Every structure is written in structure tokens, then in C-alpha cells.
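Enquirer: got a sequence here, can you model it:
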Amino acid sequence: MKVMVLVKATEETEAGLMPTEQEIRAMGAYNEQLVQAGIMLAGEGLHPTSRARRVAFGSEPPRVIDGPFAETRELVCGFWLWQVRSLDEATEWLKRAPFAPGDVVELRPILSPEDFGAAFTPELQAQEQRLREQIGAAD
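Expert: Numbering: from 1, shown residues only. From the prediction side, this is the model:
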């Protein structure tokens, strides 16, 4: 199964404070373990929401909202994409991550084709597969 690991923003990340060399080294060592175990598919840090933009749909045209955004604890400052056997395995890996006390990280399983049921017709599945192949060819 695939999971997205969402690292929640803090006041520091929203202020644009970058990690120290020691913190970068610790996270790099952790990422090495994830890669060697075949778990990490992707991972990135995100700029603070002062550099972000939202697009709200429901009006014509959609409304553009420039950051920064309030509610820091609801924001994301980074993510990983992992391939694991179970949510329990992802949880065990995440518990080893070098985060500071008070940091919050969320694990979210990614939907699989079976989750969509009959609405995900063979035609739509073929389209999805074709697009995934095209994306893979761009690597």
C-alpha cells in the first residue's frame, strides 16, 4: 500500500526558518534508511504559505487567495510518499523519524483503484494506466 506522510507546519516553518545542519544530517540519515528499505518513493519540503496561493471554487471565476494562511496546525510543511505493507508498518517507521517534541506528522493511506468501486470503469482504469505510463516515461 502507498501512504502519504504529511509533516504539519509549525510557527518556525511558517516563519521560513530553515533546519540546522545537524537536523538536515539527521533527516538525511533517516531518509537513507527509508530508501535502503525500499519504502521511500518521494519526499519534499515546502515553502511557507507566505509564498503559497489557494484557488477557491464555487464562484465564477474561481477566487484566488494569496498566503500566508492562518491555522498553522492545519498546514503542511513537507511530505513523503511511502510504499509499505500496512499502516502499522508506516507507523513503526515514522516513530523512528528525527522530529522534535511537539511536531505532528500524519499518515494517510492513498486510494487504490478498488476503493473507487464500479465508478472506476475499465475505460477509466485504462486511461489512468496510460497516464501513469506517460508520467513514468518522463522520469
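Enquirer: per-residue pLDDT, the residue of the chain most remote from its centre?
Expert: Farthest-out residue of the chain from its mean C-alpha position, per CA atoms, centre = their mean: residue 60, at 29.7 Å. According to the per-residue confidence, residue 60 scores 90 in pLDDT.
Enquirer: ok, now how distant is it from residue 37?
Expert: Using CB to CB, to the nearest Å, one gets 48 Å for the distance from residue 60 to residue 37. In short, each C-beta sits where N, CA and C put it, glycine included.
Enquirer: before we move on, what about residue 59?
Expert: For residue 59, the distance to residue 37 under the criterion CB to CB works out to 46 Å.
Enquirer: between these two, which one's more packed in?
Expert: Under the neighbour definition other CB atoms under 10 Å, residue 59 and residue 37 were set side by side, and residue 37 has more, 13 against 7.
Enquirer: and for that one, nearest residue in space, chain neighbours not counted?
Expert: Nearest non-adjacent residue to residue 37, counting by CB to CB, 6 or more residues apart in numbering: residue 93, 7.8 Å away.
Enquirer: I'm done for today, thanks for sticking with me.
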